[in-house]
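[1] Generate a structure from the sequence data that follows.
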Amino acid sequence: RCMSEAMGGAGWGCSLQEFKRGINTMGAMGINMFTLHGFYNECEHQGSQADWPTSFFYQNPYWKYFKTFGDYISRICYMNTIGRPVVDNALYYPINELYEDMIQGEANEHGKLMCQDFDMALNILLCRQMDTDMIDYESLARADIRGGKIEVGQQSFSALICPTNMKIDEILAKKLRDFVENGGHLIFYSSIPGEVAPEPFGEYTVFKPEFLPDVLNNRFTPDVQVIEGDNTDLYVNHRVVGDLHYYMISNSTNKKRQVTLQLRQVGNVIRMDPETGKTMPVKSCSKDGGTRVVINLEADEACYLLF
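    Sure, this is the predicted structure:
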């Protein structure tokens, strides 16, 4: 399970629709256990709640609707728990490298730049509907290399995206060579001009974080592309259970939109509403080796596309 203690700082003025936006966005990131912060027995006295966030409990006017909201969250959690994720991209998490750039618990200038680059790389990929998970040294070191993919736990990655300050020891060097020799995609990034890839991969091109989506699109067919419509704050999550593939699509904005998606998965597709569990037909066709789908999404609405 992947847990998030969430939405504790929203304030008393936050509506259930705005909370739904938060659930949808985190659901599209793969969260399948939500800890809502918080529920207080009483809020009448200073210090009685021992914390400052708003209460989701009976003190809030929307409490009478919370059962509906809770059922909605349960469906998202269920769909994100069954089966396994389909994620192409692994972003190396440079936590060990960051320790070298810490002074009394604070990152120095180089450490801050490392964090900025990492955040930029992750955000630009997610904002281009390219699902990406983080992988640390220990996970990478124990991963298996099969068929040009990094396999660890339930995950199977086609691309590994690394900062130029990544420390590569003999264990990782062998692992990464096997990955590349078997058809995997190893990519290095940095926003610092003149940076070079770490040895023994010093001949590799270093890309700025903002160019990573285009670099990946040129390496292999992306799982999701927005062909028409606004892709701002549109997030996706792809999972598979047996022969069933499904995508969660979240419109994490307060405006309705229509988008045309190119999905790598092939087959007949139907749409499911996580609020009711009902399914409905969706406009789709086979195109360019995948499936093209046209969907309309209301403000803060999410849906599932089932294959």
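[2] State the distance from the closest residue in space to residue 148 that isn't next to it in sequence to residue 38.
    Using CB to CB, 6 or more residues apart in numbering and skipping the chain neighbours, the partner closest in space to residue 148 is residue 183 (3.0 Å). In short, each C-beta sits where N, CA and C put it, glycine included. Distance check for residue 183 against residue 38: by CB to CB, to the nearest Å, it reads 48 Å.
[3] what does residue 144 give?
    41 Å.
[4] related to what we said a few turns ago, show me which of residue 183 and residue 38 is the more surrounded one.
    residue 38 (17 against 11; other CB atoms under 10 Å).
[5] Where does the more buried one fall, secondary structure wise?
    Counting by DSSP states H and E, no helix or strand carries residue 38.
[6] same deal with residue 293?
    Assigned by DSSP H and E, residue 293 falls in strand 290-297.
[7] Tell me the strands beside that strand, with direction?
    strand 257-263 (antiparallel), strand 283-287 (antiparallel) (DSSP bridges).
[8] Please name whichever of these is nearest to residue 212.
    strand 257-263 (19.2 Å; CB to CB).
[9] hang on, the earlier thing: same question for the helix or strand just after the strand holding residue 293, mean pLDDT?
    Once strand 290-297 ends, the next helix or strand along the chain (criterion: DSSP H and E) is strand 302-306. Per-residue pLDDT over strand 302-306 has a mean of 97.
[10] give me every residue that touches residue 187.
    Neighbouring residues of residue 187 by CB atoms under 8 Å, 6 or more residues apart in numbering: 159-162, 204, 207, 212, 215-216, 219.
[11] For ChimeraX, write a command that selects the buried ones of those residues.
    Filtering the contacts of residue 187 down to the buried ones (16 or more other CB atoms under 10 Å) takes a single ChimeraX command:
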select :159,160,161,162,204,207,212,215,216
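[12] Out of the contacts of residue 187, flag the one nearest to residue 16.
    Distance to residue 16 across the contacts of residue 187 (CB to CB) is lowest for residue 212, with 35.5 Å.
[13] Show me the contact partners of the helix or strand hosting that closest one.
    Element membership for residue 212, per DSSP H and E: helix 212-219. Under the contact criterion CB under 8 Å, 6+ apart, helix 212-219 has outside partners 88-89, 121, 124-125, 128, 130, 159, 161, 185, 187, 189, 207, 222.
[14] Tell me which two in the residues you listed are the farthest apart.
    It's 189 and 222 that sit farthest apart of the contacts of helix 212-219, by CB to CB, at 17.6 Å.
[15] of the two, who's got more company?
    Shown here are residue 189 and residue 222; by other CB under 10 Å, residue 189 has more neighbours (26 against 19).
[16] Contacts only, for that one.
    117, 121, 161-164, 206-209, 212.
[17] Mind doing that once more with 10 Å?
    Taking CB atoms under 10 Å, 6 or more residues apart in numbering, we find residue 189 in contact with 91-92, 117-118, 120-121, 124, 161-164, 195, 197, 205-212, 215.
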